[in-house]
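Q: What would the 3D arrangement of this be:
(one chain, ligands or ions: 1)
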Amino acid sequence: MIDLASAPVVDVHCHPWRNDDLLAVDPAGFEDRVTMTGMCLVSSGLADERSARALALLTGSTPLALAMRRRLAEHLGCEPSREEVARARRRALAADPVAYNARLWESANVVGLVYDEGYPQPTISPERFAADSAATVHRVGRIEPWIAELAQRARSFRELEEGFVARLDGEAADPGLVAFKSVIAYRTGLDVQPEAPSAYCEREFELWRASGFVESREHAKTVRDRLLYRTLEAAARHDRPLHIHCGGGDPAIVLGRARPQDLFPLLARHPDQPVVLVHSGWPWLEEGAYVASVLPQVYLDVSIMVPWASLAIDQKLEVVLGVAPPAKVLHGSDEASEPEVIWLAAQLAREALGRVLATAVERAWLSASEALAIGEGVLAGNARRLHGIE
Ligand SMILES: [Zn+2]
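A: Okay, the predicted model is just below:
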């Protein structure tokens with residue numbers, strides 16, 4: 001066993017929350033909301049009475065939910081039952097939500113959150129999130145809400161593009177912004193085409209606007225693809241990595257164009273720009289790991305896979321660490337509903353890495369000290385180096 005119990009954790013992909021909102025949702029539904037299906041139903045706005053009933057049937061046999069129940073019961077000092085954990089959690093959260101969060105980070109040694117401010121909307125300010133979460137937070141600026149805002153006002157594509165570049169530069173002036181992010185896989189797909197000429201973009205923008213900004217490949221792709229080139233330039237100009245959602249997500253994803261191979265031509269044309277494939281391309285994780293093994297500046301974050309692949313986490317970490325250079329693998333959770341997901345993911349990642357790296361030592365691939373250094377890098381060091389956070 002490689003002991004990573006005391007290794008600090010930086011979660012490189014999570015989403016902000018307001019404590020008021022945590023208290024506003026039904027405490028009894030906590031376990032449902034931390035399952036993959038439950039989180040997706042909420043984030044894609046599909047939660048209704050019927051899907052909630054279907055979900056409740058699944059939760060009781062979902063390893064992730066059961067691991068959460070047992071560990072949280074221990075943390076809170078209550079019986080490990082669905083009802084008791086929901087009750088004890090509610091009590092502790094309501095008594096002092098900031099202190100409740102602080103105890104989570106202390107117990108799992110989570111030292112930093114690199115968070116995607118694009119979800120939920122409207123954007124939660126870094127000040128508010130830092131105060132509510134009681135964590136050290138670092139913002140990642142998502143370009144799609146900026147584009148949506150500017151497109152509404154722009155009289156031409158040129159105005160949109162100029163406004164967008166000014167916005168990118170303005171956001172980069174904030175030293176707290178550690179990366180840019182795009183979720184173009186949720187809009188028009190990762191198969192970004194070579195840059196279209198300005199006159200063509202003007203026509204396409206007019207058509208997109210005339211459609212009422214319908215989010216489809218037919219209406220929006222030319223404009224969105226071109227603005228991603230402006231984002232890559234801004235990331236290079238301001239020395240920031242670019243996070244790109246890659247792989248599956250909630251049901252709003254354009255799943256047919258969300259694979260690492262769809263993004264590959266764009267990545268290959270920008271070999272010097274650090275790009276994080278958010279979720280490592282999950283469920284096409286082998287493909288993402290391969291891309292990171294051939295392109296020197298492509299990084300992988302293992303969010304979604306950790307924690308939701310549950311029983312398969314060890315096997316998948318073995319693939320990622322074996323195929324991609326481990327110095328480019330970053331721990332993340334993709335928490336988007338409850339702070340306990342960050343807490344649980346940190347523990348699961350530490351333990352799974354410990355087992356996987358111990359096997360590598362047993363098989364004489366690594367020495368114990370090399371294995372330990374790799375584990376510490378994945379949990380925090382690699383993310384700190386890439387994002388310039390200490
Ligand atoms: Zn996310």
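Q: Quick check: closest non-adjacent residue to Glu376.
A: Spatial nearest neighbour of Glu376, excluding adjacent residues (CB to CB, 6 or more residues apart in numbering): Ala7 at 5.0 Å. Every C-beta, even on glycine, is put in place using the N, C-alpha and C of the backbone.
Q: Remind me what the one helix or strand Ala383 maps to packs against, helices and strands.
A: Using DSSP states H and E, Ala383 maps to helix 382-387. Helix 382-387 makes packing contacts with strand 9-14, strand 110-116, strand 329-330 when contacts are defined by 3 or more CB pairs under 8 Å, 6 or more residues apart in numbering; DSSP states H and E.
Q: do that again at 10 Å, thanks
A: When contacts are defined as 3 or more CB pairs under 10 Å, 6 or more residues apart in numbering; DSSP states H and E, helix 382-387 sits against strand 9-14, strand 110-116, strand 137-142, strand 177-182, strand 275-278, strand 298-301, strand 329-330.
Q: how about those strands in JSON lines, adding mean neighbour count and distance to Gly249?
A: JSON lines is the format used below for these (neighbours: other CB atoms under 10 Å; distance: least, CB to CB, whole Å):
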{"stretch": "strand 9-14", "mean neighbour count": "28", "distance to Gly249": "12"}
{"stretch": "strand 110-116", "mean neighbour count": "24", "distance to Gly249": "12"}
{"stretch": "strand 137-142", "mean neighbour count": "23", "distance to Gly249": "13"}
{"stretch": "strand 177-182", "mean neighbour count": "23", "distance to Gly249": "13"}
{"stretch": "strand 275-278", "mean neighbour count": "29", "distance to Gly249": "9"}
{"stretch": "strand 298-301", "mean neighbour count": "29", "distance to Gly249": "13"}
{"stretch": "strand 329-330", "mean neighbour count": "27", "distance to Gly249": "18"}
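Q: Just put those strands in TSV and tack on distance to Ala268 and mean pLDDT.
A: As requested, the helices and strands packed on helix 382-387 are exported to TSV (distance: least, CB to CB, whole Å; pLDDT from 0 to 100):
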stretch	distance to Ala268	mean pLDDT
strand 9-14	24	98
strand 110-116	25	98
strand 137-142	24	98
strand 177-182	17	98
strand 275-278	11	98
strand 298-301	10	98
strand 329-330	20	98
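Q: Any stretches of the stretch 151-300 of the chain with poor pLDDT?
A: Counting by pLDDT under 70, the stretch 151-300 of the chain contains no low-confidence segment.
Q: quick one: the nearest residue to Thr222 once chain neighbours are set aside from Gly118, how far?
A: Spatial nearest neighbour of Thr222, chain neighbours left out: Glu204 (4.0 Å); criterion: CB to CB, 6+ apart. Distance of Glu204 to Gly118, computed by CB to CB, to the nearest Å: 24 Å.
Q: Determine the longest helix present in the chain.
A: Counting residues, the longest helix found in the chain (DSSP state H) is helix 340-362.
Q: Only C-alpha atoms, please: export that one in PDB.
A: What follows is helix 340-362, C-alpha atoms only, in PDB (Å, rounded to 0.1, in the frame of the first residue of the first chain):
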ATOM      1  CA  GLU A 340     -19.800  16.100   0.200                       C
ATOM      2  CA  VAL A 341     -19.100  14.800  -3.400                       C
ATOM      3  CA  ILE A 342     -15.700  16.700  -3.300                       C
ATOM      4  CA  TRP A 343     -15.000  15.300   0.200                       C
ATOM      5  CA  LEU A 344     -15.800  11.700  -0.900                       C
ATOM      6  CA  ALA A 345     -14.000  11.900  -4.200                       C
ATOM      7  CA  ALA A 346     -10.800  13.100  -2.400                       C
ATOM      8  CA  GLN A 347     -10.900  10.000  -0.100                       C
ATOM      9  CA  LEU A 348     -11.700   7.600  -2.900                       C
ATOM     10  CA  ALA A 349      -9.000   8.900  -5.200                       C
ATOM     11  CA  ARG A 350      -6.400   8.700  -2.400                       C
ATOM     12  CA  GLU A 351      -7.300   5.100  -1.600                       C
ATOM     13  CA  ALA A 352      -7.600   4.000  -5.200                       C
ATOM     14  CA  LEU A 353      -4.300   5.600  -6.200                       C
ATOM     15  CA  GLY A 354      -2.600   4.000  -3.200                       C
ATOM     16  CA  ARG A 355      -3.800   0.600  -4.300                       C
ATOM     17  CA  VAL A 356      -3.000   1.100  -8.000                       C
ATOM     18  CA  LEU A 357       0.500   2.500  -7.300                       C
ATOM     19  CA  ALA A 358       1.200  -0.300  -4.800                       C
ATOM     20  CA  THR A 359       0.500  -2.800  -7.600                       C
ATOM     21  CA  ALA A 360       2.900  -0.900  -9.800                       C
ATOM     22  CA  VAL A 361       5.600  -1.200  -7.100                       C
ATOM     23  CA  GLU A 362       4.900  -4.900  -6.600                       C
END
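Q: could you give the mean pLDDT of that helix?
A: Mean pLDDT, computed over helix 340-362, is 98.
Q: right, and the helix or strand after that helix?
A: With DSSP H and E, the next secondary element past helix 340-362 is helix 368-376.
Q: which other residues reach that following helix?
A: 1-4, 6-9, 321, 326-327, 329, 331, 349-350, 352-354, 356-362, 365-367, 381-382 (CB atoms under 10 Å, 6 or more residues apart in numbering).
Q: please redo it, this time with the cut-off set to 8 Å
A: 2-4, 7, 321, 326, 350, 353-354, 357-358, 360-361, 366 (CB atoms under 8 Å, 6 or more residues apart in numbering).
Q: re the thing from before, and the angle from the longest helix of the chain to helix 368-376?
A: 160 degrees (axes from the mean of the first three to the mean of the last three CA atoms, to 10 degrees).
Q: I'd say Arg167 and Leu150 touch.
A: Yes: the pair Arg167 / Leu150 is scored as a contact, 6.8 Å apart, by CB atoms under 8 Å.
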